[in-house]
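**Student:** generate a structure from the sequence data that follows.
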Amino acid sequence: MAQSGSRGRPRIYSGVAAVSLGLWSLGALSVAAAMATALLGTFVAYQSYRGYRRNGSRPMLFLAAGIALLTVVPFVLRTVVVRSGFASTTGGALVSQTAGLVGIVVLLYALTRA
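**Tutor:** Coordinates of the predicted model:
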């Protein structure tokens, strides 16, 4: 393990560089940004679902599902499934990316054909 030298070089831990930004590391900022994305995605999906319930509009239902698949499901898969040991990091990333892709397809359907 190498320590941080002068001139602000990143610290090296087991061959992985970790840049420190005061109290926050880039890893912590990444998790915080992913959590904020999931929370905002949940809010937007819920508002879309409320629009569906209020007006009976099928595109709003597909919009809610697409936003949830694009923002919330990948976060849950990356954090819960991978960290609990049900899948490897690569497997979790593959499933997460697949959920995002399905979300985009559902959004496309909501905007064009629903």
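**Student:** give me the buried positions along stretch 39-55.
**Tutor:** 41, 44-45, 48-49, 51-52 (16 or more other CB atoms under 10 Å). All C-beta atoms are positioned from the backbone trio N, CA, C, and that covers glycine.
**Student:** show me what contacts the most centrally placed residue in the chain?
**Tutor:** When CA atoms, centre = their mean is applied to the chain, the residue found nearest the centroid is Phe75 (3.8 Å). Shown in contact with Phe75 (CB atoms under 8 Å, 6 or more residues apart in numbering): 34-35, 37-38, 41.
**Student:** ditto for Met35
**Tutor:** Phe75.
**Student:** please renumber so the chain begins at 631
**Tutor:** Will do, 631 is the new start, and the previous item becomes Met665.
**Student:** mind checking which helix or strand the residue nearest to the centre of the chain is in?
**Tutor:** Counting by DSSP states H and E, the element that carries Phe705 is helix 703-706.
**Student:** show me what counts as buried in whichever helix or strand comes after that helix.
**Tutor:** Next helix or strand after helix 703-706 toward the C-terminus (DSSP H and E): helix 712-714. Neighbour-count burial for helix 712-714, with 16+ other CB under 10 Å as criterion, is recorded at Val712.
**Student:** and helix 712-714, how far out from the chain middle?
**Tutor:** Helix 712-714 has its C-alpha centroid displaced from the chain centroid by 15 Å (CA atoms, centre = their mean, to the nearest Å).
**Student:** restrict the helix or strand that that helix is followed by to CA atoms and write it as CSV.
**Tutor:** Moving toward the C-terminus from helix 712-714, the next helix or strand (DSSP H and E) is helix 719-742. The C-alpha atoms that make up helix 719-742 are tabulated as CSV, following Å, rounded to 0.1, in the frame of the first residue of the first chain:
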residue,chain,number,x,y,z
THR,A,719,-20.0,-7.9,-10.4
THR,A,720,-20.0,-8.7,-14.1
GLY,A,721,-23.3,-10.6,-13.9
GLY,A,722,-24.9,-7.8,-11.9
ALA,A,723,-23.7,-5.3,-14.4
LEU,A,724,-25.1,-7.4,-17.3
VAL,A,725,-28.5,-7.7,-15.6
SER,A,726,-28.5,-4.0,-14.7
GLN,A,727,-27.6,-2.9,-18.2
THR,A,728,-30.3,-5.3,-19.6
ALA,A,729,-32.9,-3.7,-17.3
GLY,A,730,-31.9,-0.3,-18.5
LEU,A,731,-32.1,-1.4,-22.1
VAL,A,732,-35.6,-2.8,-21.5
GLY,A,733,-36.5,0.5,-19.8
ILE,A,734,-35.5,2.5,-22.9
VAL,A,735,-37.5,0.1,-25.2
VAL,A,736,-40.6,0.6,-22.9
LEU,A,737,-40.1,4.4,-23.0
LEU,A,738,-39.9,4.2,-26.8
TYR,A,739,-43.1,2.2,-26.9
ALA,A,740,-44.8,4.7,-24.6
LEU,A,741,-43.8,7.6,-26.8
THR,A,742,-44.7,6.1,-30.1
